[in-house]
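Student: sequence and computational prediction follow.
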Amino acid sequence: MSPLALLHTLHAHPSLTFHRVGEGVKVLPRTPEKARPALVHFKPAILRALEEGERLEASTLLRDPHRLAALLAHALGGEAPVVLTGYYEGPPTRYLVAVDRLTPYLAWAALPLPRRLHLAALDGRWAVDVVGGWEVGLEAVAAGTRYVLLYPEHGARGWLEAARAGLALHGVSVWRPGAAPRPLLLTAA
């Protein structure tokens with residue numbers, strides 16, 4: 001299941017509250033049937049995206065770039081350390097973070113809000129890019145790396161054009177809030 005399906009579910013049910021208790025996650029109010037498949041599939045990612053005892057609404061997970069980036073990184077899985085690049089005021093800052101410390105680190109780094117957060121697994125399996133003011137989500141596989149990107153509309157188009165020119169793209173999907181994720185048919189240039 002695609003991380004875009006998780007974003008779609010969170011967007012469709014913004015008032016759901018996730019409460020981490022030990023190695024479990026309680027969902028309040030009760031999980032709607034339509035949301036169940038995505039939430040069950042991504043339960044380990046949601047668990048890892050919350051700290052012990054923490055309660056967060058779905059809308060907060062979508063709105064806060066630090067929390068959203070951590071959730072997507074955990075949804076993509078793996079145990080490799082993560083290279084985290086934050087674009088705040090001034091030059092970008094780059095850190096190497098153990099994946100099991102990613103959520104607390106990003107929760108600590110929650111201020112100020114970044115213009116952009118880029119996370120990449122050190123083993124090259126995946127990359128997440130969250131740009132402030134994002135309007136569209138993209139998921140694609142290129143050169144063996146799975147990308148999940150949240151960009152403004154023009155940035156998503158630009159990434160697709162550049163990637164199409166230089167990489168063989170596979171399994172490209174697009175998601176816009178309010179609509180289900182859908183495959184994107186790429187035409188030859």
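Tutor: Yep, it's here. A quick note: this is a predicted structure, and the numbers were derived from the prediction, not measured.

Student: where does the chain have low pLDDT?
Tutor: In the predicted model of the chain, residues 109-111, 167, 185-189 satisfy pLDDT under 70.

Student: for this protein, which segments count as strands?
Tutor: In the chain, the strands defined using DSSP state E lie at 17-21, 24-28, 55-57, 82-87, 93-97, 116-121, 126-131, 136-142, 145-151, 169-175, 182-183.

Student: residue 70: which of those strands is closest?
Tutor: Of all the strands of the chain, strand 116-121 sits nearest to residue 70, with 8.2 Å by CB to CB. (Glycine included, C-beta is placed from N, CA and C.)

Student: who does that closest one touch, helix- and strand-wise?
Tutor: Using 3 or more CB pairs under 8 Å, 6 or more residues apart in numbering; DSSP states H and E, the elements in contact with strand 116-121 are helix 65-76, strand 82-87, strand 126-131.

Student: sheet-wise, list the partners of it with their directions.
Tutor: With DSSP bridges as the test, strand 116-121 is paired with strand 82-87 (antiparallel), strand 126-131 (antiparallel).

Student: so the lengthiest helix in the chain versus strand 126-131, what angle?
Tutor: The helix of greatest length in the chain, counted in residues with DSSP state H as the criterion, is given as helix 153-166. With axes from the mean of the first three to the mean of the last three CA atoms, to 10 degrees defining the directions, helix 153-166 sits at 150 degrees from strand 126-131.

Student: list the contacts of helix 153-166.
Tutor: Under the contact criterion CB atoms under 8 Å, 6 or more residues apart in numbering, helix 153-166 has outside partners 131, 135-136, 138, 140, 142, 149, 151, 169, 172, 174, 184, 186, 189.

Student: and those residues as a markdown table, adding distance to residue 104?
Tutor: Supplementary listing: those in a markdown table, determined by distance: CB to CB, whole Å:
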| residue | distance to residue 104 |
| --- | --- |
| 131 | 23 |
| 135 | 29 |
| 136 | 29 |
| 138 | 28 |
| 140 | 29 |
| 142 | 31 |
| 149 | 24 |
| 151 | 27 |
| 169 | 34 |
| 172 | 33 |
| 174 | 32 |
| 184 | 35 |
| 186 | 39 |
| 189 | 44 |
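
Student: can you select the buried ones among those residues for me in PyMOL?
Tutor: The buried subset of these, as determined by 16 or more other CB atoms under 10 Å, is captured in PyMOL by this line:
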select buried, resi 131+136+138+140+142+149+151+169+172+174
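
Student: with adjacent residues omitted, what lies nearest to residue 84?
Tutor: Using CB to CB, 6 or more residues apart in numbering and skipping residues adjacent in sequence, the residue nearest residue 84 is residue 95, 4.8 Å away.
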